[in-house]
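**Student:** sequence first, then the predicted structure:
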Amino acid sequence: MSSVSRRALLHAYPRRWRERYGDELLGLLDEDHPETALGIAASADLFVGGLTERATSVFGVPGRAADSAAGSGFGLLAWGWCLVVLGGVSLAKVAEHASQAPQTSPGILGGVRGASVAFDVIQWCAVVGSVCVVVLAALALLVALRTARGAQRGRILARGAFAGGAIVVAAGFLVLVAHAASVPGQHIGPAGQTAWVLAAAAIGSAVFASLTRVLVAAFDAVAPPRGLGVALAWVVAASTTMLVAATSAWGAAIAAASPRFLTGPAAGTTFVNDGRTVIVVTSTALVAGAVLSVLGAWRAAGSSTHRTASAS
Amino acid sequence: MDLTTGGTAATLRGRQNDPPLLILLSLAESDKHGHALAADIEQMAGVRLGPGTLYGAITRLEERGLIEPLAPDGRRRPYRLTETGLAALHAEVAELRQLADAGSARVAAAQNRRAYRAMGWTA
């Protein structure tokens, strides 16, 4: 078998593997078969070996603990932001009627006016954090698609298709339920409301699960954008932390100015009429989200430092 | 022993089919590059590892830190057994010895039973 054919067979192996072992393997083949053809058995052995290495490079992560730590760090960040978004939606619902809350005293932090300022801060934190998460996701997707090859690229695209499909199906379901609820005299009832919540949870899970996997794949794959990725992760973590602080200030200002607002039915939602329950769920989601975001950024940054130190 | 054709002890060694173990055993003797490894393993165990099998095993062993590459000599790159690799090989050989001892005892007992039956005794 000619050296051209041997090199062609070598392409059964992943690029990184060829760069590391390719010359050695060709040298071995030239020593074992200096003038003769490789033969079917050796050719098949090489081909199967190449497929095995490709499968290992896609599914296995041997010796890549630092990269996995970075990936899981960005994954934590994505899940943290997911919780903050859920808490934020709930907070927005609670705050809907805050400006009309009866003010019994000016209270601390400027009463309702102070709460309004705090809510502006919350909104800005949400905008900044969301922009960073979107940029991170777009960056991750681009990097993953640029660096991934073959089956790995297919897996990334499949995850994107899964997330997109889940969004379409769940959104369609939500529209149908909402339409049914909007028809006069027709109520979706508790079962419909539960289904609505489950569908919303499915959307969130599908999108963030896929986002997490794409982030992991992207930041496992290459180093160059990692500095930017870590910087964005810290901005997200800072945004979530500041959002929680501003929410606390908002809650304190509202509670001082209008003590009965947060605990009364005004703060309730369509599904839960008890304001206190809504406040507890909202606070838990926001705080847990902020903690996860900070932990994620910390882990991603720590892994990046570890990689830099190892490389030097 | 080749159980289907009644071969020799050499064919028993030839049935050995654990490339990573064979590579570790070969490197325990001395540092070797790919071609020397394949030749030594063929002489030691009577099995010729294909190029893909050999380098697949080398890749896994290097990833696990059981062997390490040395400076290349042209297109040849020798490999050396690491301390971790030596410890892993020691454990593997101890397991094989335990299996071989248990097997020897059972073979001896079976031979004795056959000898008793041949002489009309009951064991």
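**Tutor:** Done, it's in.
**Student:** is the lengthiest helix in chain B in proximity to chain A?
**Tutor:** In chain B, assigned by DSSP state H, the helix with the most residues is helix B:83-118. No. Helix B:83-118 is not in contact with chain A by Cβ under 8 Å from any Cβ of the partner chain; minimum separation 13.2 Å. All C-beta atoms are positioned from the backbone trio N, CA, C, and that covers glycine.
**Student:** give me the number of residues near whichever residue of chain B sits closest to chain A?
**Tutor:** Closest approach between chain B and chain A, counting by Cβ to the nearest Cβ: residue B:52, at 2.4 Å. By the measure other Cβ atoms under 10 Å in any protein chain shown, the count of residues near residue B:52 is 24.
**Student:** residues in contact with it?
**Tutor:** Going by Cβ atoms under 8 Å, 6 or more residues apart in numbering or on different chains, residue B:52 touches A:42, A:45, A:46, A:47, A:48, A:49, A:50, A:52.
**Student:** can you turn the buried part of those into a ChimeraX selection?
**Tutor:** Only the buried entries of these go into this ChimeraX selection, using 16 or more other Cβ atoms under 10 Å in any protein chain shown:
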select /A:42,45,46,49,50,52
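**Student:** quick one: least confident of the contacts of residue B:52?
**Tutor:** Of all these, residue A:52 has the smallest pLDDT value, namely 74.
**Student:** which one is it nearest to, not counting chain neighbours?
**Tutor:** residue B:56 (5.8 Å; Cβ to Cβ, 6 or more residues apart in numbering or on different chains).
**Student:** do residue B:20 as well
**Tutor:** That would be residue B:57: by Cβ to Cβ, 6+ apart, it lies 4.8 Å from residue B:20.
**Student:** dump the residue contacts of that neighbour.
**Tutor:** So residue B:57 contacts B:19, B:20, B:23, B:49 (Cβ under 8 Å, 6+ apart).
**Student:** now render these as JSON lines, adding pLDDT and secondary structure.
**Tutor:** Output for the contacts of residue B:57, formatted as JSON lines (pLDDT from 0 to 100; DSSP: H, G, I helix; E, B strand; the rest coil):
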{"residue": "B:19", "pLDDT": "86", "secondary structure": "helix"}
{"residue": "B:20", "pLDDT": "89", "secondary structure": "helix"}
{"residue": "B:23", "pLDDT": "94", "secondary structure": "helix"}
{"residue": "B:49", "pLDDT": "89", "secondary structure": "coil"}
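**Student:** which one of those residues has the most neighbours?
**Tutor:** Ranking the contacts of residue B:57 using other Cβ under 10 Å puts residue B:23 first, with 28 neighbours.
**Student:** coming back round to it: tell me the two of the contacts of residue B:52 that are most distant?
**Tutor:** Spatially, the most separated pair among the contacts of residue B:52 is A:42 and A:52, at 15.4 Å (Cβ to Cβ).
**Student:** can you tell me the element the residue nearest to residue A:52 falls in?
**Tutor:** helix B:51-63 (DSSP states H and E).
**Student:** report the mean confidence score over that helix.
**Tutor:** Mean predicted lDDT for helix B:51-63 stands at 90.
**Student:** give me the domain ranges for chain A.
**Tutor:** Domains of chain A are assigned by automatic domain parsing as A:3-58, A:65-311.
**Student:** surely residue B:80 is in a strand?
**Tutor:** Yes. The assignment for residue B:80 by DSSP: H, G, I helix; E, B strand; the rest coil puts it in a strand.
**Student:** who's in contact with it?
**Tutor:** Contacts of residue B:80 by Cβ under 8 Å, 6+ apart are B:27, B:31, B:67, B:68, B:69, B:70.
**Student:** just the buried subset of these, written out for PyMOL, thanks.
**Tutor:** Entered in PyMOL, the line below selects the buried ones among the contacts of residue B:80, by 16+ other Cβ under 10 Å:
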select buried, chain B and resi 27+31+67+68+69
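**Student:** of the contacts of residue B:80, which belong to strands?
**Tutor:** Counting by DSSP state E, the contacts of residue B:80 place B:67, B:68, B:69 in strands.
**Student:** could you dump the contacts of residue B:52 to CSV with secondary structure?
**Tutor:** Below are the contacts of residue B:52 laid out as CSV (three-state DSSP):
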residue, secondary structure
A:42, helix
A:45, helix
A:46, helix
A:47, helix
A:48, helix
A:49, helix
A:50, helix
A:52, helix
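**Student:** wait, residue A:234 sits on residue A:299?
**Tutor:** No. Using Cβ atoms under 8 Å, residue A:234 is not in contact with residue A:299, being 11.8 Å away.
**Student:** excluding residues flanking it in the chain, which one is nearest the residue nearest to the spatial centre of chain B?
**Tutor:** Nearest to the geometric centre of chain B sits residue B:22, at 4.4 Å (Cα atoms, centre = their mean). Counting by Cβ to Cβ, 6+ apart, residue B:22 lies nearest to residue B:41, which is 4.7 Å off, once chain neighbours are set aside.
**Student:** now the strands for the stretch 1-150 of chain A?
**Tutor:** For the stretch 1-150 of chain A, no strands are identified by DSSP state E, counting those that start in this stretch.
**Student:** what sits against the residue in chain A positioned nearest to chain B?
**Tutor:** Proximity to chain B, evaluated over chain A using Cβ to the nearest Cβ, is greatest for residue A:49 at 2.4 Å. By Cβ under 8 Å, 6+ apart, the contact list for residue A:49 reads A:12, A:13, B:50, B:51, B:52, B:53, B:55, B:56.
**Student:** how near is the fifth one to residue A:13?
**Tutor:** Counting by Cβ to Cβ, to the nearest Å, the separation of residue B:52 from residue A:13 is 9 Å.
**Student:** export stretch B:42-58 to CSV, keeping only CA atoms.
**Tutor:** In CSV, the C-alpha atoms belonging to stretch B:42-58 read as follows (Å, rounded to 0.1, in the frame of the first residue of the first chain):
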residue,chain,number,x,y,z
GLU,B,42,5.2,-11.0,19.5
GLN,B,43,8.2,-12.8,20.9
MET,B,44,7.0,-12.7,24.5
ALA,B,45,3.3,-13.6,24.0
GLY,B,46,3.1,-15.0,20.5
VAL,B,47,0.6,-12.3,19.4
ARG,B,48,1.2,-9.6,16.8
LEU,B,49,-0.7,-6.5,17.7
GLY,B,50,-2.1,-4.6,14.7
PRO,B,51,-0.9,-0.9,14.3
GLY,B,52,-4.3,0.5,15.3
THR,B,53,-4.6,-1.8,18.3
LEU,B,54,-1.0,-1.0,19.5
TYR,B,55,-1.4,2.8,19.2
GLY,B,56,-4.9,2.8,20.7
ALA,B,57,-3.5,1.0,23.7
ILE,B,58,-0.5,3.4,23.9
